[in-house]
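# Just the structure for this:
(one chain, ligands or ions: 1)
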Amino acid sequence: MQRKRTVLLVEDEPSITEPLAESLGREGFETKVAVTVAEALELAPQLQPDLVLLDVMLPDGSGFDVCRELRQTSQVPIIMLTARGEEADRIVGLELGADDYVTKPFSLRELSARIRALFRRSEAAVAVGAPPTMVDLGRVQADLGGHRLLRDGTTLPLKPKAFELLAFLLRNPGQVFTRDQLLEKVWGYDYAGETRTVDVHVHWLRGQIEEDPGHPVFIHTVRGVGYVFRRPA
Ligand code: CA
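Next up, the predicted model:
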């Protein structure tokens, strides 16, 4: 039998946790609630949750700190529950590695739609991560094992770093990365390049994989943050 999916809900307001836990239960999730930063960081490694719902304003600190800590060791999907509609809050969350956010007050329906979308993406990521893999992008196929891009069976001329960037984004669909993060992940910690390097490579990749590079459907720009790879619906 398949193990029940577990959600770690980090939130101190019972008016939110109670209806939310009930609604998640109806959708087949087991929910554990942590009401403080300390409790969340203690529970997460024991629980190994499949999803974390994370409030920003907690009695002993900020949900952003929990997010940053979890990302040191885990790729668990994280949705931030932000109290204010402020763009700064949403961006900080995404920069720290959260996958998505909802703004309070949110409807349970909206949240469960976001959760389902997130699971679809993380399942796609697992499928993509299993080597050797051919990923079909419509116009071209990315051969992740063979490190090449193919069109109609022909290998395309390739900038190695551009391919590594594409492979990295493909393995982390739906996750937004800053230019600095991409420099670090793809070019390495010691790379003293400028973030413009990332833009140049993204531009080049779009020219190879997108039907219309001016209106990309795979590699999206997240204004003020960076880039994200999404599979077209
Ligand atoms: Ca709160």
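# What is the neighbour count of the spatially closest residue to K159 that is not a sequence neighbour?
Nearest non-adjacent residue to K159, counting by C-beta to C-beta, 6 or more residues apart in numbering: W204, 6.3 Å away. Quick note: C-beta positions are derived from backbone N, CA and C, even for glycine. Using other C-beta atoms under 10 Å, the number of residues around W204 comes to 17.
# For this protein, which residues score under the pLDDT cut-off?
1-3, 84-86, 122-132, 189-193 (pLDDT under 70).
# which residues touch the residue of the chain positioned farthest from its centre?
The C-alpha centroid of the chain is most remote from T154, which lies 31.7 Å away (C-alpha atoms, centre = their mean). Listed by C-beta atoms under 8 Å, 6 or more residues apart in numbering, the contact set of T154 is empty.
# Who does it form a beta bridge with?
With DSSP bridges as the criterion, T154 is bridged to R151.
# Next, find the distance separating it from the ion.
55 Å (C-beta to the ion, to the nearest Å).
# got it, and V52?
V52 is 15 Å from the ion, where distance means C-beta to the ion.
# Quick one: neighbours of that residue, just the number.
Here the number of neighbours of V52 (other C-beta under 10 Å) works out to 27.
# Then V7?
24.
# My reading is that it is in a strand; is that accurate?
Yes. Under DSSP: H, G, I helix; E, B strand; the rest coil, V7 falls within a strand.
# before we move on, back to that, alpha carbons only: can I get the helix or strand harbouring the residue nearest to K159 in CSV?
Taking DSSP states H and E as the definition, W204 sits inside helix 196-209. Provided in CSV are the C-alpha atoms of helix 196-209 (Å, rounded to 0.1, in the frame of the first residue of the first chain):
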residue,chain,number,x,y,z
ARG,A,196,24.4,38.9,-17.4
THR,A,197,26.1,35.6,-18.4
VAL,A,198,23.0,33.8,-17.4
ASP,A,199,20.8,36.1,-19.5
VAL,A,200,23.0,35.5,-22.6
HIS,A,201,22.8,31.7,-22.2
VAL,A,202,19.0,31.8,-21.6
HIS,A,203,18.7,33.9,-24.7
TRP,A,204,20.7,31.4,-26.7
LEU,A,205,18.7,28.5,-25.3
ARG,A,206,15.4,30.1,-26.2
GLY,A,207,16.6,30.5,-29.7
GLN,A,208,17.2,26.7,-29.8
ILE,A,209,14.2,25.3,-28.0
